[in-house]
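Trainee: one predicted model, sequence on top.
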Amino acid sequence: AQEAKSLAQQAKGELPEDLAKQIAEAAKELAKEDFCKGIVLFTQWIPTYNKVVKHLEKIVATETDVNIKLYKGDPSKDKDELKSVKDSFQAHNTDEIPVILVTSIFNEGMDLFRANCMIHLDVPTNPLQIEQRIGRIDRMGQTSEEIYIYYILLNQSKEHECLEILKSKLEEFGRDFGVA
């Protein structure tokens, strides 16, 4: 019964509190890696955004060994406010690692190439959405030679299967059109 409740919560984007905390901790640890120049965390679910941002804010405010500057692409903000957050993230130039948490509103037209790491907190079923997300950091202006893409798979069987199908479709697209 508990597993069914957890799956139902995940289907609605209601991330369990302990997983939100683990995701925030994973972002903190990734920011310590030498190769990490910035992190974009992507989710399509507003409840997931809210829980993860709460834990990231707590880490930044209370832990002394954290070298993170947190930017929030709050989905309740209007386009001008989101553009201002994006511009601040892009212009970031301190020793802190910039971390921005965003939702699907950033899928298109929002360049985030200041980062070279991306964490998907969910897996969209449309392969173009994955490409659009990755395209936020893998674009002209990216100064890192490599980008790093991570996936947090909450519902292991369903999301693993979905990710394998997406990878297959993207590989097929790449063979057919020479990209992806």
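Mentor: Sure, I can see it. Numbers count the residues shown, from 1 in each chain.
Trainee: which element is the most centrally placed residue in the chain on?
Mentor: Against the mean C-alpha coordinate of the chain, by C-alpha atoms, centre = their mean, the closest residue is Leu41 at 2.0 Å. Using DSSP states H and E, Leu41 sits within strand 39-42.
Trainee: ok so, going back, give me the pLDDT for the residue nearest to the centre of the chain.
Mentor: Listed pLDDT for Leu41 reads 93.
Trainee: give the pairing partners of the strand holding Leu41; include direction for each.
Mentor: In the sheet, strand 39-42 lines up against strand 97-102 (parallel), strand 117-120 (parallel) (DSSP bridges).
Trainee: for the residue nearest to the centre of the chain, give the beta-bridge partners.
Mentor: Beta-bridge partners, per DSSP bridges, of Leu41: Leu101, Ile119.
Trainee: quick check, it in contact with Ala115.
Mentor: No. Between Leu41 and Ala115 there is no contact under C-beta atoms under 8 Å: 9.6 Å. Glycine gets a C-beta too; all of them are placed from N, C-alpha and C.
Trainee: shared neighbours, those two?
Mentor: Listed as contacting both Leu41 and Ala115 by C-beta atoms under 8 Å, 6 or more residues apart in numbering are Ile100.
Trainee: give me the low-pLDDT residue ranges for this protein?
Mentor: Flagging of the chain using pLDDT under 70 yields the residue ranges 1-14, 107-108, 153-167, 170, 173-174, 178-180.
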